[in-house]
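> 3D, please:
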Amino acid sequence: MVSYVEQQERNPTLDTLLRLAAALDIELEDLIKRARGAASKPKAP
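Numbers count the residues shown, from 1 in each chain. Alright, predicted model coming up:
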């Protein structure tokens, strides 16, 4: 599932996001902040 999300092939449900945050031992809010930060970085050509 993580691979699909990373490749933007699937959108995770709230339950999946909560489970992912728990597995990474971080708060969901922090997971979302990190994702937003990564998404705003320009991609290399």
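
> switch to C-alpha atoms for all contacts and neighbour counts from now on
Fine.

> could I get the biggest helix by length in the chain in PDB with only the CA atoms?
Secondary structure of the chain per DSSP state H: the longest helix is helix 28-40. In PDB, the C-alpha atoms belonging to helix 28-40 read as follows (Å, rounded to 0.1, in the frame of the first residue of the first chain):
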ATOM      1  CA  LEU A  28      -0.900  11.600  12.000                       C
ATOM      2  CA  GLU A  29      -0.500  15.400  12.000                       C
ATOM      3  CA  ASP A  30       3.200  15.000  11.700                       C
ATOM      4  CA  LEU A  31       2.900  12.400   8.900                       C
ATOM      5  CA  ILE A  32       0.700  14.900   7.000                       C
ATOM      6  CA  LYS A  33       3.100  17.700   7.600                       C
ATOM      7  CA  ARG A  34       6.000  15.600   6.200                       C
ATOM      8  CA  ALA A  35       3.900  14.600   3.200                       C
ATOM      9  CA  ARG A  36       3.000  18.200   2.400                       C
ATOM     10  CA  GLY A  37       6.700  19.300   2.800                       C
ATOM     11  CA  ALA A  38       7.800  16.500   0.400                       C
ATOM     12  CA  ALA A  39       5.100  17.400  -2.100                       C
ATOM     13  CA  SER A  40       6.100  21.100  -2.200                       C
END
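
> and it, which residues are buried?
28, 31 (16 or more other Cα atoms under 10 Å).

> now stretch 9-17
For stretch 9-17, by 16+ other Cα under 10 Å, it's residue 17.

> what mean pLDDT does that stretch get?
Averaging pLDDT along stretch 9-17 gives 92.
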